[in-house]
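Enquirer: Got a sequence here, can you model it:
(2 chains)
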2 protein chains.
Amino acid sequence: MNVYIRAVAERLASQGVEVDLFTRCRGHGSPDVQEIVPGARLITVRAGPYAPVPKADLPRYVPEFLGGVLRRAELEGRGYDVVHTHYWLSGWVGRSAKEIWRVPLVASFHTLGKVKNYALARGERPESHARMAGEARVIADADRILAPTPAEAAQLVGLYRADPEAIRIVPPGVDHTIFVPQPKEQARARLHLDTDMCLALYVGRLQPHKGPDVAVRTLAEAVALDPGRCLVLAIVGGPSGSSHGEEVARLLDLASALDVGDRVMLFPPQPQRRLADFYAAADAVLVPSRSESFGLVALESQACGTPVIAAAVGGLRFVVQDGRTGFLVEGHDPGDHAEKLLAVLRDRELARRMGEEGARQALRFTWDATASELLSVYRELLDGPASTAKLGA
Amino acid sequence: MNVYIRAVAERLASQGVEVDLFTRCRGHGSPDVQEIVPGARLITVRAGPYAPVPKADLPRYVPEFLGGVLRRAELEGRGYDVVHTHYWLSGWVGRSAKEIWRVPLVASFHTLGKVKNYALARGERPESHARMAGEARVIADADRILAPTPAEAAQLVGLYRADPEAIRIVPPGVDHTIFVPQPKEQARARLHLDTDMCLALYVGRLQPHKGPDVAVRTLAEAVALDPGRCLVLAIVGGPSGSSHGEEVARLLDLASALDVGDRVMLFPPQPQRRLADFYAAADAVLVPSRSESFGLVALESQACGTPVIAAAVGGLRFVVQDGRTGFLVEGHDPGDHAEKLLAVLRDRELARRMGEEGARQALRFTWDATASELLSVYRELLDGPASTAKLGA
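Expert: Residues are numbered from 1 along each chain as shown, chains lettered A, B, ... in the order given. Reported below is the predicted structural model:
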């Protein structure tokens, strides 16, 4: 999410659009204004404690956040032409800002509560009714609703009764200066990993919805199916805020219980360039999410020339081309995922072809294109061509 | 703990002592009796749910556990000559068994609540009053109290008013068929790690008391002091039952916050042989515990010929010889630990000498010796030489 917003803000700014990003102050310092690049600023606003708060507690700080945004805009003597909100809570702030500032509202959700709830992992807590009601209100009031794929556009209409006329499809991009194919040996050397093993990779938050348990079970199934193969699973990702590490604990226990504790390596969240090394170092990337609005991990992996074994859900159906850039697997049966993983590991020529095709396909997705498409959505709303537009995101 | 009890039971059995180990049934199957080796059995007894339960809830199941032990002994028509309990809760069971069976009680604690509470990590929850009162009662009633080091013997007397005459010092051992020096390159290859980096290692439960956060901070300090060095920290260990993974989450966040997320690798708990590979692969092992009854990790590391940087607490003062097998560091300041870590990493000759000396010293500790010493404690109590003794542990 932060990658998305930062990438887009930078490129909008470089196209002459002034961008202010508003976010809740969760760190140690006091709220302030910070230039990201000339033309784009990050403004932290006080709302609740200057510390991370549990996701479930965030709604109560929305009014304070709105107040902070309005005060800051007044203080700066700044007006905005468009408000673009990301995630449902800021959508609520955007609805009020739209009324007070009399500007159009563009809403992106990145994930939708109802979609998530239809695909809950076992034991996973459903998204709140408040969230889904909130999403519905934002969707009803927004002038434009953005979806990353046609599938999500259909969900917005089918599940939330969104006005199809208000929806625009704008996929995210990938930074092709960072996520590029690199020689596997060199990437592994930079990660201090040897070249003698088959390496499967999971990247993402360690929360049940993303299916890291399916990745570990897939490893165990693949080992059972092909015991002679030296197969290791690298997991790159931090615990999700709301689980307090429970999922990490479960994963470590699961690996031991399935007797693959000696084949799992866990790495904290990595900086972008190093993440690209992980993709390049891997023989295949597992994306067994329960639902996925887009599937940036799959796209980044393909950009690095590594085949993806993904669950056939949501945006992954759009990003991964079954049999061409990787495999789409129906459902979350580890045996099915393991079979496709082994298909890639056993056939080097197939893996090479998939990697090349994935890298070629990934070139279609750039942050420049995303920013340009966003800009044309804003321009539509401003009723005619504008050379610059001020933007509160 | 399980390593200890299993190793001792096997060796006692091989010396002709019949051993029954009683433990709470926490798994899926039903309670049963299982032969570990001829002469040693593991008996699982129903007490509370057939599932792991939080440590804090265990005391309530003690009476049921005692009932189960007594019933099982009757069912088997089995009498015991000595009861040897491990950890304070089984000590409570042992006190009753001693009275009912009229046999002597030997008590081992492995950790002591008061010692732990004197050295709490920041934010760590103190051990309960119930535990400390319970320990005191077991110490008062036991015929023999075992301590692994003279330091713990002194703590038993000083903090719990144990009768010095009842204390025997019996250190644990190490399996020298597994924990032996091996060429670093080969050990790293088996772990799929390259040989171009300096590798620091932390092994143990991920709980604040063991100081894994100090290990991560030590890494960050060492990187700051010697930025050109390619230094990586491998963490091997599972979350502790009571923290539900919170500590793992904190460690991953801490690594990112200190900007060493790209230098940390986390591995689930490993089988013994593979653990030996980790020790052999490492350039130094960090043991920054807040307190430590003995310090088996330090001993295992030294047995594998790898120098130890340890906090100068409890049993670590006994296991690690400062300047000879590693370094003892006063306190938990990461800067101090980092300085000693770098001293080892920078001076290959020093590291080699320390490794050799550690391996030589470690040979003094064997499970055979531990079992023999236990047996002589039991014999003392049985008032004269006995060729075999039945033992409920």
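Enquirer: Could you use CA atoms for every contact and neighbour count after this?
Expert: Will do.
Enquirer: Let me see the domain layout of chain A.
Expert: In the assignment given by automatic domain parsing, the structural domains of chain A cover A:2-173+A:366-392, A:184-362.
Enquirer: Among these, show me which one is buried the most.
Expert: domain A:184-362 (a mean of 22; mean count of other C-alpha atoms under 10 Å in any protein chain shown).
Enquirer: Does that one reach chain B?
Expert: Yes: counting by C-alpha under 8 Å from any C-alpha of the partner chain, chain B has neighbours in domain A:184-362: A:189, A:192-197, A:238-239, A:244-250, A:252-253, A:255-256, A:261-262, A:264-271, A:274.
Enquirer: helix or strand for the closest residue to residue A:79 other than its chain neighbours, which one?
Expert: In this structure, residue A:79 finds its nearest non-sequential neighbour in residue A:73, 7.0 Å apart by C-alpha to C-alpha, 6 or more residues apart in numbering or on different chains. Per DSSP states H and E, residue A:73 falls inside helix A:62-75.
Enquirer: That helix - contacts with which helices or strands?
Expert: In terms of contacts (3 or more C-alpha pairs under 8 Å, 6 or more residues apart in numbering or on different chains; DSSP states H and E), helix A:62-75 is packed against strand A:40-45, helix A:88-101.
Enquirer: 7 Å - rerun?
Expert: Helix A:62-75 is packed against strand A:40-45, with contacts defined by 3 or more C-alpha pairs under 7 Å, 6 or more residues apart in numbering or on different chains; DSSP states H and E.
Enquirer: which residues sit against the strand it packs on?
Expert: A:9-10, A:13, A:18-25, A:31-36, A:65, A:68-69 (C-alpha atoms under 7 Å, 6 or more residues apart in numbering or on different chains).
Enquirer: Point out the ones among the residues of domain A:184-362 next to chain B that are inside helices.
Expert: Of the residues of domain A:184-362 next to chain B, the ones assigned to helices by DSSP state H are A:189, A:246-250, A:252-253, A:255-256, A:274.
Enquirer: which two from those end up farthest apart in space?
Expert: Put simply, by C-alpha to C-alpha the two of these set farthest apart are A:189 and A:246, 31.7 Å from each other.
Enquirer: per-residue pLDDT, residue A:52?
Expert: On pLDDT, residue A:52 comes in at 79.
Enquirer: contact partners of the helix holding residue A:73?
Expert: A:24, A:45-47, A:79, A:93.
Enquirer: can you do 6 Å?
Expert: With contact meaning C-alpha atoms under 6 Å, 6 or more residues apart in numbering or on different chains, helix A:62-75 is reached by A:45, A:47, A:93.
Enquirer: Going by distance to residue A:207, which of these wins?
Expert: So of the contacts of helix A:62-75, ranked by how close each gets to residue A:207 (C-alpha to C-alpha), first place is residue A:47, at 26.1 Å.
Enquirer: Help me confirm that the closest one comes into contact with residue A:58.
Expert: No: with contact defined as C-alpha atoms under 6 Å, residue A:47 does not reach residue A:58; the gap is 9.1 Å.
Enquirer: Quick one: name whatever helix or strand follows whichever strand or helix holds residue A:157.
Expert: Applying DSSP H and E as the criterion places residue A:157 in helix A:150-160. Counting by DSSP H and E, the element after helix A:150-160 in chain order, helix or strand, is strand A:167-169.
Enquirer: mean confidence for that next one?
Expert: 97.
Enquirer: got the contact list for the residue of the stretch 1-150 of chain A found nearest chain B?
Expert: The minimum distance from the stretch 1-150 of chain A to chain B, using C-alpha to the nearest C-alpha, falls at residue A:27 (11.6 Å). Contact analysis of residue A:27 by C-alpha under 6 Å, 6+ apart lists A:50-51.
Enquirer: now residue A:138
Expert: Residues near residue A:138 by C-alpha under 6 Å, 6+ apart: residue A:91.
Enquirer: And it, how close does it get to residue B:209?
Expert: Between residue A:138 and residue B:209 the computed distance is 47 Å (C-alpha to C-alpha, to the nearest Å).
Enquirer: got it, and residue A:325?
Expert: The separation that residue A:325 has from residue B:209, given C-alpha to C-alpha, amounts to 47 Å.
Enquirer: And for residue A:304?
Expert: Distance from residue A:304 to residue B:209, by C-alpha to C-alpha: 41 Å.
Enquirer: repeat for residue A:203
Expert: 30 Å.
Enquirer: and if you look at residue A:310?
Expert: For residue A:310 relative to residue B:209 (C-alpha to C-alpha), the value is 40 Å.
Enquirer: same check, this time on residue A:253
Expert: 20 Å.
Enquirer: for residue A:133, same thing?
Expert: For residue A:133, the distance to residue B:209 equals 45 Å [C-alpha to C-alpha].
Enquirer: Strands of chain A, residue ranges please.
Expert: Here chain A has its strands, by DSSP state E, at A:18-24, A:33-37, A:40-45, A:82-86, A:105-108, A:144-147, A:167-169, A:198-203, A:231-236, A:264-267, A:284-287, A:308-311, A:326-329, A:390-392.
Enquirer: what lines up beside the longest one in the sheet?
Expert: This means strand A:18-24. Strand A:18-24 has the following strand partners under DSSP bridges: strand A:40-45 (parallel), strand A:390-392 (parallel).
Enquirer: Show the low-confidence segments of chain A, by residue range.
Expert: Counting by pLDDT under 70, chain A shows low-confidence ranges at A:1, A:28-31, A:241-244, A:384-393.
Enquirer: what is the closest residue to chain B within the stretch 251-393 of chain A paired to in the beta sheet?
Expert: Nearest residue of the stretch 251-393 of chain A to chain B: residue A:266, at 4.7 Å (C-alpha to the nearest C-alpha). With DSSP bridges as the criterion, residue A:266 is bridged to residue A:235, residue B:266.
Enquirer: Okay, it and residue B:255: tell me how far apart.
Expert: Using C-alpha to C-alpha, residue A:266 is found at 13 Å from residue B:255.
Enquirer: With residue A:89 instead?
Expert: Residue A:89 is 29 Å from residue B:255, by C-alpha to C-alpha.
Enquirer: about what we covered before: what is the nearest of the ones in helices among the residues of domain A:184-362 next to chain B to residue B:351?
Expert: Using C-alpha to C-alpha, these come closest to residue B:351 at residue A:189, 24.9 Å.
Enquirer: Sounds good, over and out.
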